[in-house]
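**Q** Structure for the following, please:
(one chain, ligands or ions: 2)
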Amino acid sequence: MSDVQNTTTLLLVEDDLQQRKLLTAILVNEGIEVVDVSSCEEAILLLKQRTFDMVFSDWKLPHLSGLELLKYVRKNHVNLGFVMATAHGTIGHAVEAMNEGADDYLAKPFQRQELLLCISKVTKSARLKQQNQLLSEALGKQQQLVEFVGTSKQMQDVHKLISRIANTDVTVLINGESGTGKELAARALHRLSDRQSQRFVAINCGAIPSELAEAEFFGAKKGAFTGSHQDKIGKFEAADNGTLFLDEIGELPLALQAKLLRFLQEGTITPLGDTAEKKLNVRVLAATHRDLVDMVKTGDFREDLFYRLNIVPITIPPLRSRSEDIILLADFFLQHRAKQYGVELPVLSQEVREGLVSYAWPGNVRELSNKMERFVLLADELELLSGLENLRATQNKAEFQLPENGVNWDEFEKQCLSEALKRHAGNKTKSAKFLQMSYKAFLYRLEKYSLD
Ligand SMILES: Nc1ncnc2c1ncn2[C@@H]1O[C@H](COP(=O)(O)OP(=O)(O)OP(=O)(O)O)[C@@H](O)[C@H]1O
Ligand SMILES: [Mg+2]
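**A** Numbers count the residues shown, from 1 in each chain. Ligands and ions are numbered 1, 2, ... in the order given. All right, here's what the predicted structure looks like:
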């Protein structure tokens, strides 16, 4: 705790006298200067009189709650660190606190070590934020997340959220259409955290056959399957002290959902064929392009796991809703690729620029990146333009010309479904997206026409 010693000043807000004495003793012993009060009202009075590095507040207080205090702090002392202590099993309070701008939360009962680690991190990031504020004031609003291109309001909000929660251990659920930058966001969260020098382990939950998934995630003892001659280290263990990124979390089989939940609650895993539990220190990030709320309703995703993952949701908006970022991103990719391939930087004509901005980008940033790579290599403006035009034409062709003598609706629907499947080599997720319907609605129709 040397970085926190001597300098950290902490305002402790706890109404239980015993708890307050105990916490104060632990913190003072670490060289932290503690001022303790028993109510939100006293805390606000003190905050008006002097400065602190951070506030550590209980959720449940007499009269005004810890949440009221948090709201006051976020309004009046933006860069002050804030940690909320919540009662055991009240994940809803943790969610609410994080939403209102707490830097972290601790569920009671917590260990001394957890408390100190949390305080050390929050103080560090509060100081970074203060420095950052000075820096960015000096640099004039220059972007803080360098490789995250985008100045739209939506992306600035995403950047702010990422900077705020990066150096905590809260689980984050990253939502967004395919190609919007979910993995990039996960990597930024890791890179801006204390875990940056440790491993970032990514696993695609949809890409592992379900019968191998448990060993892949949690590891297996030698001999746990026929032919396994040595212990297998699972992804969780590989990510110990670092970050584990669970991509496509919506594809996680139900049996593993239960095990993941257990890890998130207890911090322990049990490798396949082992009897002993292992305690790990892993920060979990998850991403999905699916609607998990919908999946909870249909019973395909555990509700308790959803709430446990969704403590801080980040939604990366589709590119079409932030068109002011399109040209910035296009220029960024052109420069990057031109440098990579050692070719001259191509110029985007006005016509191409307009084409890029009015196109709907169904494949989002990834599609833009691919198109720019191709343009750097081929320097074929016509090809680029026709790619944008063709799709735009089909996008706009929402009005079908119905035949004079009517249509066989069922036959028509069936044909659309088969054609979509054919075009996407039987991939149902992609086919559903192609037809602009939810996965559930798509499956329902497949079943209706026995196309499954
Ligand atoms: N804001 C951005 N600035 C620069 N590059 C970006 C940005 N957003 C995305 N990219 C780039 O676009 C590509 C797609 O991003 P990423 O893989 O993070 O998307 P994703 O949401 O995880 O996609 P999928 O759902 O298909 O897995 C990557 O090459 C990434 O580096
Ligand atoms: Mg991805």
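**Q** quick one, what contacts the closest residue to Y341 other than its chain neighbours?
**A** With sequence-adjacent residues excluded and distances taken as C-beta to C-beta, 6 or more residues apart in numbering, Y341 is closest to V376, at 6.2 Å. From N, CA and C alone the C-beta is placed, and that goes for glycine too. Neighbouring residues of V376 by C-beta atoms under 8 Å, 6 or more residues apart in numbering: L334, R337, A338, Y341, V343, P346.
**Q** ok, so of those, who is nearest ligand 1?
**A** Comparing those against ligand 1 with C-beta to the nearest ligand atom places R337 closest, at 11.4 Å.
**Q** element containing that closest one?
**A** Using DSSP states H and E, R337 falls within helix 326-341.
**Q** Can you tell me the element the residue nearest to Y341 falls in?
**A** Counting by DSSP H and E, the element that carries V376 is helix 364-378.
**Q** That helix and ligand 1 in contact?
**A** Yes: interface with ligand 1: helix 364-378 contributes V365, R366, S369 (C-beta under 6 Å from any ligand atom).
**Q** quick one, that helix and helix 326-341 angle?
**A** On the basis of axes from the mean of the first three to the mean of the last three C-alpha atoms, to 10 degrees, helix 364-378 is oriented at 50 degrees to helix 326-341.
**Q** for helix 364-378, what is the average pLDDT?
**A** Averaged across helix 364-378, the pLDDT comes to 92.
**Q** now the strands for the stretch 151-300 of the chain?
**A** 172-175, 200-204, 243-247, 268-269, 278-279, 283-288 (DSSP state E, counting those that start in this stretch).
**Q** May I see those strands organised as CSV, with distance to V55 added?
**A** Below are these laid out as CSV (distance: least, C-beta to C-beta, whole Å):
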stretch, distance to V55
strand 172-175, 23
strand 200-204, 31
strand 243-247, 27
strand 268-269, 31
strand 278-279, 29
strand 283-288, 23
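**Q** As a markdown table, those strands with mean neighbour count, mean pLDDT and distance to ligand 1 would be great.
**A** Rendered in a markdown table, the data for these read as follows (neighbours: other C-beta atoms under 10 Å; pLDDT from 0 to 100; distance: least, C-beta to the nearest ligand atom, whole Å):
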| stretch | mean neighbour count | mean pLDDT | distance to ligand 1 |
| --- | --- | --- | --- |
| strand 172-175 | 23 | 97 | 8 |
| strand 200-204 | 18 | 94 | 8 |
| strand 243-247 | 24 | 97 | 6 |
| strand 268-269 | 18 | 94 | 25 |
| strand 278-279 | 12 | 94 | 29 |
| strand 283-288 | 24 | 97 | 6 |
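**Q** Relative to A202, how far out is the closest residue to ligand 1 within the stretch 151-300 of the chain?
**A** Ranking the residues of the stretch 151-300 of the chain by distance to ligand 1 (C-beta to the nearest ligand atom) places G181 first, at 2.8 Å. Taking C-beta to C-beta, to the nearest Å as the measure, G181 and A202 are separated by 14 Å.
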